[in-house]
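# Take a look and give me a structure for this.
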Amino acid sequence: MAVGAGRERRLFLTGLAALVFSTIAAVLAGSYLSSVSDLLILIPGLMVLVPPTINMRGSISGVLASRISSSMHLGEFTGGFEGDGVLLQNLHASLLLTIATSVALGLIAPAVSALIGIPVIAAADLVLISVLAGLVSGLIVMGFTVLIAVLSYRRSVDMDMIAAPAVTTLGDLVTIPALALAAPLVLSVPEGGRGLLLIAVLLGVALLSLHSWRRGERVHEVVGEVLPLLIPLLILGTFAGVTYSAGLERLVTTGALLILIPPFAGICGSIGGILCSRIGTGMHLGVIDPEPVPSRAVGIQFAWTYLYTLILLPLMATCAHIAALLMGVSSPGLLTMVTIATLAGAIVMTLVNGIAYLTAMISFRYGYDPDNFGIPVITSSIDLLGAVALMSVISLFLI
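Numbers count the residues shown, from 1 in each chain. The predicted structure is shown next:
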């Protein structure tokens, strides 16, 4: 019992260390977002792309990391790049998912924005921005995920405890700059040339997709299971972007609140990602039974999420407040920032616990891999739930 308790303590502290690092790094992403607030106002629709693009980076690389982690626990991972091996096959599947979701997002964003009444730039321009930013940030995050996998394998570290925070944070750090660079780059091309550029980009990603699709059955399996889930989740993420866009004036005026957005979604997503990975691995190993009523082992994981939330959300808010002071932007005050972040985080994580377990339990009982479903569902749910909870709590305290 003591040995088991000691191991759990070490795992918790490993996860906490990864999450603390992720919190600080995610605040840097939020600070960058606040620094390009003028760009968000000048390019209508750019803010709509931010949450779902970040979400897809976390979801796709989270699935990649979770599947690799499970393969390590099951003894299938070799750490090499064999053509039919776990690593290369999952990389090709992740590339396909990145391309498909980037194109889909460019089409979904203007449709949802029009439905809500949020003005955006032309749909073709949004597709170009989404694909270019998605590919660049996606390839970087996938490469980083592989690095974590190989190092975890060689050093015998439980990847479940570090992968989700690491890839989610890197997704925050690279996605916002990728969007901020892609948007003005696309719009700087003369209008007539953008059509040719769009055709060239779509042709290139189509050839790349065909190459990856022909890599094997495992690729078909992952894409077939995950893509039908990611598309509706993209819609949820787009609604989150619309929610932030509707309150963009308040967020820009009080710059510290804009800094909160990436780390809030990122940290909640990282905590949820650890929960999903642990539950998925537990079900694969037979330690957790997929029953409608969560077991005591699952209850312990739920307790971990609350403990992580109570430690990390105040830390995140404090870092965001300090960053706002250093940048010379407005903040509602340290106490208000901590209260807003912690209250909104507690609301979101309560819902996340239930969603994470239900997703894993239902997918496992119906013969699907919970690694393919848990993290995408959680990160997309957090996008929308987090946007609604955060904006609602902000409105409650800053009437």
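# how about residue 55, phi and psi?
Residue 55 adopts backbone torsions of phi -60, psi -40, taken as degrees, to the nearest 10.
# Could you shift the numbering so residue one becomes 213, and keep it that way?
Okay, residue one is now 213; in that scheme the one you just asked about reads as residue 267.
# Contact partners for it?
Each residue near residue 267 by C-beta atoms under 8 Å, 6 or more residues apart in numbering is listed here: 445, 446, 449, 452, 477, 481, 591, 592, 595. All C-beta spots, glycine's among them, are computed from the backbone N, C-alpha and C.
# out of the residues you listed, which are inside strands?
Of these, none are assigned to strands by DSSP state E.
# how about those in JSON lines, adding distance to residue 404 and neighbour count?
As requested, those are arranged in JSON lines below (distance: C-beta to C-beta, whole Å; neighbours: other C-beta atoms under 10 Å):
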{"residue": "445", "distance to residue 404": "35", "neighbour count": "23"}
{"residue": "446", "distance to residue 404": "30", "neighbour count": "27"}
{"residue": "449", "distance to residue 404": "32", "neighbour count": "33"}
{"residue": "452", "distance to residue 404": "34", "neighbour count": "29"}
{"residue": "477", "distance to residue 404": "38", "neighbour count": "31"}
{"residue": "481", "distance to residue 404": "40", "neighbour count": "35"}
{"residue": "591", "distance to residue 404": "38", "neighbour count": "35"}
{"residue": "592", "distance to residue 404": "36", "neighbour count": "27"}
{"residue": "595", "distance to residue 404": "35", "neighbour count": "31"}
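# and which of those is nearest residue 487?
Residue 487 lies nearest to residue 481 out of these, by C-beta to C-beta, at 10.5 Å.
# Excluding chain neighbours, what is closest to the closest one?
Spatially, and ignoring its direct neighbours in sequence, residue 481 is nearest to residue 591 (4.6 Å; C-beta to C-beta, 6 or more residues apart in numbering).
# now that neighbour: how far from residue 263?
Applying C-beta to C-beta, to the nearest Å, the value for residue 591 to residue 263 is 10 Å.
# Residue 384 now?
For residue 384, the distance to residue 263 - C-beta to C-beta - is 11 Å.
# cool, and residue 505?
According to C-beta to C-beta, residue 505 stands 33 Å off from residue 263.
# more neighbours, those two?
residue 263 (30 against 8; other C-beta atoms under 10 Å).
# where does the stretch 213-362 of the chain have low pLDDT?
For the stretch 213-362 of the chain, applying pLDDT under 70 flags the ranges 213-219, 285, 287-297.
# Recalculate using a threshold of 50.
Judged by pLDDT under 50, the stretch 213-362 of the chain has its weakly predicted residues at 213-215.
# So which residues of it form helices?
Listed in chain order, the helices of the stretch 213-362 of the chain (DSSP state H, counting those that start in this stretch) span 214-247, 249-254, 258-285, 298-328, 335-367.
# Looking at the ones you listed, which is nearest to residue 419?
With C-beta to C-beta, the closest approach to residue 419 among the helices of the stretch 213-362 of the chain belongs to helix 298-328: 10.5 Å.
# I'd like the contacts of residue 267 as a markdown table, with distance to residue 524 appended.
A markdown table is the format used below for the contacts of residue 267 (distance: C-beta to C-beta, whole Å):
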| residue | distance to residue 524 |
| --- | --- |
| 445 | 24 |
| 446 | 27 |
| 449 | 22 |
| 452 | 20 |
| 477 | 13 |
| 481 | 12 |
| 591 | 16 |
| 592 | 21 |
| 595 | 18 |
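# Between those residues, which sits nearest residue 556?
Nearest to residue 556 among those, counting by C-beta to C-beta, is residue 477 at 10.6 Å.
# And the closest one, what's its pLDDT?
Looking at residue 477, its pLDDT stands at 81.
# so what's the residue nearest to it when sequence neighbours are not counted up against?
Closest residue to residue 477 apart from its sequence neighbours, by C-beta to C-beta, 6+ apart: residue 598 at 5.0 Å. By C-beta under 8 Å, 6+ apart, the residues touching residue 598 are 452, 476, 477, 480, 556, 560.
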